[in-house]
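Asker: following is a predicted model, sequence given first.
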Amino acid sequence: MCEVPEVSSSGYYDWRGRSPSKLNVEDKLLVKKIEVIHEQHKGNYGARRIRDDLLDDSDVSCRSRQRVVRLMREGGLECKRKKKFKTTTNSDHDKVVAPDLLKRDFSPAKPDKSYVSDIT
């Protein structure tokens, strides 16, 4: 297994026996706090707002937005994105409009006199 990545077996076992680094320990704590903030705001907060909330917290030392982005990506957290508004109707045109044959009278005198429908 050590031949493919070209790592010595003694180096692998040395790495396996090491305790986690200070950065790894801090990252695990930060991920938990990021998940709490993300849940509190129902997934609407992205990395910028989460970092701002972390800066307000006195016992957290996370100044980098990129670190929050990395931790969110590793934790599988994404903020909800708003869909861009798309205009579907253009009322300002010079095209012919269909005539109003019912003259907005939707209560006919007898059955089968007129039929109406809706495009939706």
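Answerer: Here it is on my side, so go on. Computed from a predicted structure; not experimentally measured. Residues are numbered from 1 along each chain as shown.
Asker: on the three-state scheme, the residue nearest to R67 when sequence neighbours are not counted is what?
Answerer: On the basis of Cβ to Cβ, 6 or more residues apart in numbering, the spatially nearest residue to R67 that is not a chain neighbour turns out to be L30, at 7.6 Å. From N, CA and C alone the C-beta is placed, and that goes for glycine too. Following DSSP: H, G, I helix; E, B strand; the rest coil, we place L30 in the helix state.
Asker: distance of L30 from H38?
Answerer: 12 Å (Cβ to Cβ, to the nearest Å).
Asker: and what of D52?
Answerer: Applying Cβ to Cβ to D52 and H38 gives a distance of 13 Å.
Asker: more neighbours: these two, which one.
Answerer: Neighbours were counted for D52 and for H38 using other Cβ atoms under 10 Å; H38 has more, 21 against 13.
Asker: residue contacts, the more buried one?
Answerer: Neighbour list for H38: Y45, I50, M72, L77, C79 [criterion: Cβ atoms under 8 Å, 6 or more residues apart in numbering].
Asker: returning to what we had before: list the contacts for the residue nearest to R67?
Answerer: With the criterion set at Cβ under 8 Å, 6+ apart, L30 makes contact with L54, V60, C62, R67, V68, L71.
Asker: pLDDT wise, what is it at?
Answerer: At L30, the model reports a pLDDT of 91.
Asker: helices of this structure, start to end?
Answerer: Ranges of helices in the chain, per DSSP state H, are 9-17, 22-40, 47-56, 65-75.
Asker: could I get these as a markdown table with distance to S117?
Answerer: Shown next, in a markdown table, are these (distance: least, Cβ to Cβ, whole Å):
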| stretch | distance to S117 |
| --- | --- |
| helix 9-17 | 71 |
| helix 22-40 | 46 |
| helix 47-56 | 47 |
| helix 65-75 | 49 |
